[in-house]
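*Asks:* Kindly generate the corresponding structure for this input.
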Amino acid sequence: MRKRRKTVKLQRDAAHRRSLLANLTCSLIEHGRIRTTLAKAKALRPVAEKMVTLGKRGDLHARRQAVAFLQQKDAVKKLFAEIAPAAADRQGGYCRIIKLGARQSDSAPMALIEWVDAPVAEEVEETAEA
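*Replies:* Numbers count the residues shown, from 1 in each chain. Below is the predicted model of the structure:
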């Protein structure tokens, strides 16, 4: 009988996949939204939401677990200081995936993944200046 696979391999070995997801999570924390392929966005969402859950816990052990996975202290600091408090009243579903269509070069399906609660500050400032 066919069993569903829990993780999407993304054509990478385990160590490469883990570092890819950690780097994508750090980019999402830093920028608020990122543009990537649909498969990577779907693989990123559970990882990013687990990081927000650690941030909502807020204790020292959760912070150390986040640093161990993300490997970037600045991203962990922003996660615990800004993103987790913004999602404090939400019980899951911290990320949103918006499909964008096919990429021009290789027709890969693209998507935009962003935080639901945290507005993107860069775009708000650009619209205010215009």
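*Asks:* State the mean pLDDT of the longest helix along the chain.
*Replies:* Criterion DSSP state H: the longest helix present in the chain is helix 38-57. For helix 38-57, mean pLDDT is 96.
*Asks:* outside of it, which residues touch it?
*Replies:* With Cβ atoms under 8 Å, 6 or more residues apart in numbering as the test, helix 38-57 has contacts from 7-8, 10, 20-22, 24-25, 28-29, 36, 62-63, 65-66, 69-70, 79-80, 83-84, 87-88, 92-95, 97, 99, 108-113. For every residue, glycine as well, the C-beta is placed using N, CA and C.
*Asks:* Enumerate the positions of the next helix or strand after that helix that are buried.
*Replies:* With elements assigned by DSSP states H and E, the helix or strand that comes after helix 38-57 is helix 60-70. Using 16 or more other Cβ atoms under 10 Å as the test for burial, helix 60-70 gives 62-63, 65-66, 69-70.
*Asks:* same deal with stretch 37-51?
*Replies:* Quick answer for stretch 37-51 (16+ other Cβ under 10 Å): 37-38, 40-41, 43-45, 47-49, 51.
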